[in-house]
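S.K.: Pasted the sequence and its predicted model underneath.
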Amino acid sequence: MADNDVRMWSMLCHLAALFGLLLPSLGAVVGPLVFWLLKRLDHPAIDAAGKESLNFQLSILIYSWVLGVLGAATAFILIGFLFLGAAVLVGILGLVLAVVASVKTSNGQPYRYPFTIRFLQ
């Protein structure tokens, strides 16, 4: 597989998280999952990028859900609104870092997301 193709598919593994804008919550996981499953066997770099993107998006999903539940459970106390605000910020951070990872991988640099739970090794 040509180097340009590897970089393009690696970038798409990260950029597919923007599908979460169309299908909130699970869309950010479904996008990278589809690209990773389609191309993971074609090149080790694509496999690594797909796993990294999927791990990060799953982590963001968990963080957002936990913060959202905590916020909803404590909304009658003013601190609940802080949890809900943090959940929104975590979602925005997930999208921003997906774009950063896409740019880095399109330039041929591997990218490791911060705060990621490594579900897939």
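M.R.: Happy to help now that I have it. Numbering: from 1, shown residues only.

S.K.: Give me the distance between the two termini of stretch 14-30.
M.R.: 11 Å (C-alpha to C-alpha, to the nearest Å).

S.K.: List the buried residues of that stretch.
M.R.: For stretch 14-30, burial by neighbour count (16 or more other C-beta atoms under 10 Å) applies to His14, Leu15, Ala16, Ala17, Phe19, Gly20, Gly27, Ala28, Val29, Val30. Yep, even glycine has a C-beta here, placed from its N, CA and C like the rest.

S.K.: isn't Ala98 right up against Cys13?
M.R.: No - using C-beta atoms under 8 Å, Ala98 is not in contact with Cys13, being 9.7 Å away.

S.K.: Skipping its backbone neighbours, what lies nearest Pro32 in space?
M.R.: In this structure, Pro32 finds its nearest non-sequential neighbour in Ser53, 4.0 Å apart by C-beta to C-beta, 6 or more residues apart in numbering.

S.K.: now do Leu70
M.R.: Closest residue in space to Leu70, ignoring its immediate chain neighbours: Phe83 at 4.4 Å, by C-beta to C-beta, 6+ apart.

S.K.: Work out for me the element the one you found sits within.
M.R.: Assigning secondary structure by DSSP states H and E places Phe83 in helix 79-106.
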